[in-house]
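**Student:** coords below, sequence missing:
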């Protein structure tokens, strides 16, 4: 197939190699095509070569990147979706398969015009592996590869067709979920990252510094687990209020096989693929401060937690813990150079039946 990967970061590089190794013609859309080699090497955590994939080309021209694409994978962070959707809408005039990796962040609302054009829209519930760039444009480490991939689609009856393609391309079993909303409500980074950041920085004030950059996962706290579990419970209550099959939205207690906050803390601290990952912080005035320009903030709050909160509000579900984290974040939602407000997700749907109908689109 002709495959386009939009985004040459960690997961985009790995996906390009995965797709190319079995003979697909892979094009990378990136700001820096000159950095890209014709071959991408995939390494294990000890830097041993696992496999390689030869890509067709890298380009910074979006029209050229998608011109022949039968399937397009988007690996950009959620806060870029609206702008990217506008750009794609100008260069795509026919039906394509468009996948969001992972499929959270309210992507179906940003890309709604393309869905209305007849594009088959899908996403992964979670990424199929943890990826870390080794050398931009030529090598990437693959850590913690999953045993399967779960996808949801719009229209919801196209899941099996897409699933067959995904299984062949990534050489992993593909589970087809009942609808795309199962991805939107999956409490992954929008709950995991935001709970940790809130409990880490809730007492932060301008002018404060911290003595070090904390290990994000290995120094995970029980307080973070308490908040995570409380927010996770609210997401499950949202799922129960919506008249769709959302049984595939598993709680994080189930996902991490942890019945309480103590077990959750030990589990998250011990995940091998997360070892060594630092928090989104930058050096300043001899110490460290939160980096509010990091996608941990710009995506996971504004296009992660905010999505969950807005859907809960539409369906009259109280979410006091999600609200607490969001209201804390609002205090810092400005650019460092001052003044201009960062964008954030807006549902722009006021009727429950209109919301539900988007996920039942069986045209």
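**Tutor:** Structure received. These numbers come from a predicted model, not from an experiment.

**Student:** the protein: strands as residue ranges?
**Tutor:** Remark: strands of the chain, listed N- to C-terminal, are 2-6, 25-29, 39-43, 49-54, 57-59, 71-74, 97-100, 120-124, 130-135, 139-143, 149-154, 174-176, 281-284, 287-290; assignment by DSSP state E.

**Student:** between those, which one is closest to residue 232.
**Tutor:** For those, the distance to residue 232 is smallest for strand 149-154, at 17.8 Å, taking CB to CB. To be clear about C-beta, it is placed using only N, CA and C from the backbone, and glycine gets the same treatment.

**Student:** before we move on, back to that, and of the strands of the chain, who's closest to residue 244?
**Tutor:** Ranking the strands of the chain by their distance to residue 244 (criterion: CB to CB) puts strand 149-154 first, at 10.8 Å.

**Student:** list of residues touching stretch 309-316?
**Tutor:** With CB atoms under 8 Å, 6 or more residues apart in numbering as the contact definition, stretch 309-316 has outside contacts at 184-185, 234, 237-238, 241-242, 318-319, 322-323, 326, 345-347, 349-350, 352, 355.

**Student:** how about a cut-off of 7 Å?
**Tutor:** Residues external to stretch 309-316 that are found in contact with it (CB atoms under 7 Å, 6 or more residues apart in numbering): 234, 238, 241-242, 319, 322-323, 326, 345, 347, 349, 352, 355.

**Student:** kindly report the same for stretch 94-105.
**Tutor:** If you take CB under 7 Å, 6+ apart as the criterion, stretch 94-105 is touched by 11, 15, 69-75, 78, 81, 107, 111, 114, 118-127, 152, 162, 180, 183-184, 186, 188, 190, 299, 303-304, 307.

**Student:** now do that stretch: distance to the chain's middle.
**Tutor:** Here stretch 94-105 shows a centroid-to-chain-centroid distance of 12 Å under the convention CA atoms, centre = their mean, to the nearest Å.

**Student:** for the residue nearest the centre of the chain, which non-adjacent residue is closest in space?
**Tutor:** Nearest to the centroid of the C-alpha atoms of the chain, with distances taken as CA atoms, centre = their mean, sits residue 102, at 4.0 Å. Distances taken as CB to CB, 6 or more residues apart in numbering place residue 124 nearest to residue 102, at 5.0 Å, with adjacent residues excluded.

**Student:** beta partners for the one you found?
**Tutor:** In this structure, residue 124 bridges to residue 151 when assessed by DSSP bridges.

**Student:** what is the burial count for it?
**Tutor:** Other residues near residue 124 number 25, with proximity taken as other CB atoms under 10 Å.

**Student:** residue contacts, it?
**Tutor:** With CB under 7 Å, 6+ apart, residue 124 has these contacts: 101-103, 149, 151.

**Student:** distance-wise, check it relative to residue 144.
**Tutor:** For residue 124, the distance to residue 144 under the criterion CB to CB, to the nearest Å works out to 15 Å.

**Student:** go on, residue 231?
**Tutor:** For residue 231 relative to residue 144 (CB to CB), the value is 23 Å.
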